[in-house]
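>>> build me a model:
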Amino acid sequence: MSTAPRVPETWDSIDDDPKETLARTGRLRLLESAFVRFRLADGTSHSRSLAFATSLVLVQGLVVLVGFAAAFGHSGITSTIVETIRSAVPGPASDVLADAVRQANKVGHQNRFLPLTIGLIGVLITSVTAMAQIERGLNRIYGIERDRPTVRKYAVALVMTLTVGVGLGLAFLMLGFGRNIGSSWGHEARVVWEVLRWPVGLLLIAVCLAALLGRSVNRRQPGKAWLAFGGGVAVALWALATIGLALAFRFSSSFGQTYGPLAGIVALQIWTFLSSFSIFYGVSVAAELEAIRAGAGQTQAARQDVPASPARASLQG
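Predicted structure coming up:
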């Protein structure tokens, strides 16, 4: 249960600027205040739930993708996916996903379409569940205790899966498999593709994250500028967590010895948990910035020191 105070809606306030509010508050103070909100909203529990669902989606999705590719004569994608996993997923976590890819390749070569079809349905169900968990976690961070009605909640989750989920998948393909995709093109086309795939892929990720922040919460969100800093914090934390874990696993010889054959599963769970933590904490930053805008920030210092903005005055008046 969340005890985070509800963030007043400020979507109709146009007289103030997020940069000015952020400057008056201070980035460090905002991050501290956001952590208080994250803790009151039980963000750690929501991060654990999302991490579990994300782990299932990753494993199931890779199995289905590689299995169908192998079944239709495109087994070369297996080595490309394994190489991408090795470079993008930290430490032993990559071993779990790489093993799943190789096993799926065998299933695909055997034309076992029934288990692959069941797996595809499982990916869809798990993805929708993950999107629904994101809505629940975001609502609690904003102090909203009631989610959308069940049918509408999962309908929105399905739409988000087919849009945001597909968008993230396309971004992953562009950034991870981009070189392989353009390998058969002409020289000029390959050069243009190599230059454009990175900014386009990163832009797609930013758009997907903005869609999550803007549409998953059961409230009217403010303009994108008020969500940008929180989204940036989420991306930065995720990148730091991924790089940090990769370095830790690379230079630690005791991790694999300690967990043995479970090392990959443990590493995958740690990585998905930290990734989920990054998302929810970034949302907490965005929520807290809007709360301060409305004069409802978590810290007493923020309430005392931040001058009342036009939005705050209009909400209190």
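
>>> where does the residue nearest the centre of the chain fall, phi/psi-wise?
The residue lying closest to the centre of the chain (Cα atoms, centre = their mean) is Ile279, at 5.5 Å. With angles defined as degrees, to the nearest 10, Ile279 sits at phi -60, psi -50.

>>> against which helices or strands is whichever strand or helix holds Ala228 packed?
Secondary structure assignment for Ala228, by DSSP states H and E: helix 224-251. Applying 3 or more Cβ pairs under 8 Å, 6 or more residues apart in numbering; DSSP states H and E, one finds that helix 224-251 contacts helix 18-25, helix 27-40, helix 187-215, helix 263-293. For the C-beta atoms, the positions are set from N, CA and C on the backbone; glycine is no exception.

>>> the same query, at a cut-off of 7 Å, please.
helix 18-25, helix 187-215, helix 263-293 (3 or more Cβ pairs under 7 Å, 6 or more residues apart in numbering; DSSP states H and E).

>>> which of these has the lowest mean pLDDT?
For these, mean pLDDT drops lowest on helix 187-215, to a mean of 81.

>>> surely Ser276 is in contact with Ala51?
Yes - at 4.6 Å, Ser276 and Ala51 qualify as touching, with contact defined as Cβ atoms under 7 Å.

>>> sketch out the low-pLDDT regions of the stretch 101-250 of the chain for me.
In the predicted model of the stretch 101-250 of the chain, residues 109, 111, 172-173, 175-184 satisfy pLDDT under 70.

>>> quick one: buried residues of stretch 273-288?
273-288 (16 or more other Cβ atoms under 10 Å).

>>> so which of these is the closest to Tyr142?
For the buried residues of stretch 273-288, the residue nearest Tyr142 by Cβ to Cβ is Ala287; the value is 5.1 Å.

>>> give the contact list for the closest one.
7, 37, 141-142 (Cβ atoms under 7 Å, 6 or more residues apart in numbering).

>>> tabulate those (TSV), appending secondary structure, neighbour count and distance to Tyr154.
Shown next, in TSV, are the contacts of Ala287 (DSSP: H, G, I helix; E, B strand; the rest coil; neighbours: other Cβ atoms under 10 Å; distance: Cβ to Cβ, whole Å):
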residue	secondary structure	neighbour count	distance to Tyr154
Val7	coil	25	24
Arg37	helix	28	26
Ile141	helix	28	20
Tyr142	coil	27	20
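
>>> name the helix or strand for the residue nearest to Lys106 when sequence neighbours are not counted, please.
Leaving out its chain neighbours, the residue that sits closest to Lys106 by Cβ to Cβ, 6 or more residues apart in numbering is Ala70, at 7.9 Å. Per DSSP H and E, Ala70 falls inside helix 43-71.

>>> what packs against that helix?
Against helix 43-71 (3+ Cβ pairs under 7 Å, 6+ apart) you get helix 77-88, helix 93-109, helix 113-141, helix 263-293.

>>> I am finished for the moment; much appreciated.
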